[in-house]
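Peer 1: sequence and predicted structure are below.
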Amino acid sequence: MSIILQSTVGGFSPQFMRKLPLVEQAMRDHGLDPAEFVISKDYASTATIPIMGPFFFNYSVFFGEETFTVTEPNDMVFLDYFFKRVLAADAPPELPRPPGLMRRFFGWMSEAV
């Protein structure tokens, strides 16, 4: 199954629809089920100039009991953001700790003069 898409503003761009299967595959590779996600696209605000329409969209993502909303100018910027979130680690990477004071001191003492 695929991510469920909803829109009150006329759907998603063709480029978004072409790249979505790649994001869904990355989700599967990271242990996520795309069928558990719903992406909803709405206008971020009313148009300030009626002829032009709004410049930003709200993208709400629903999964399980969780939800988040981001405001982006177009579908591809949102998809890039969402793809990075899918690939993001759950926790920051463990960095090696520098040697402590005593280890550095004994290392210095063991060096030949």
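Peer 2: Nice, thanks for sending it over.

Peer 1: once you drop chain neighbours, what's closest to residue 70?
Peer 2: Closest residue to residue 70 apart from its sequence neighbours, by C-beta to C-beta, 6 or more residues apart in numbering: residue 59 at 5.4 Å. Where you see a C-beta, it was placed from the backbone N, CA and C, and this is true even at glycine.

Peer 1: doesn't the one you found lie inside a strand?
Peer 2: Yes: the assignment for residue 59 by DSSP: H, G, I helix; E, B strand; the rest coil puts it in a strand.

Peer 1: let's see the pLDDT reported for it.
Peer 2: Residue 59 is assigned 95 on the pLDDT scale.

Peer 1: can you check residue 98 too?
Peer 2: Confidence score, pLDDT, at residue 98: 74.

Peer 1: pretty sure it is in a strand, no?
Peer 2: No: assessed by three-state DSSP, residue 98 does not belong to a strand; its assignment is coil.

Peer 1: just how off-centre is the top helix by length along the chain within its chain?
Peer 2: Ordering each helix of the chain by length in residues (DSSP state H) puts helix 14-29 first. Put simply, helix 14-29 sits 13 Å off its chain's centre (C-alpha atoms, centre = their mean, to the nearest Å).

Peer 1: what's the following helix or strand past that helix packed up against?
Peer 2: Per DSSP states H and E, the first helix or strand lying C-terminal to helix 14-29 is strand 37-43. Packed against strand 37-43 by the contact rule (3 or more C-beta pairs under 8 Å, 6 or more residues apart in numbering; DSSP states H and E) you find strand 4-7, strand 57-63.

Peer 1: shaky segments in this protein?
Peer 2: When residues are selected by pLDDT under 70, those of the chain lie in 1, 46-54, 89-95, 113.

Peer 1: centroid residue for it?
Peer 2: Of all residues in the chain, the one closest to the mean position by C-alpha atoms, centre = their mean is residue 85, 2.5 Å from it.
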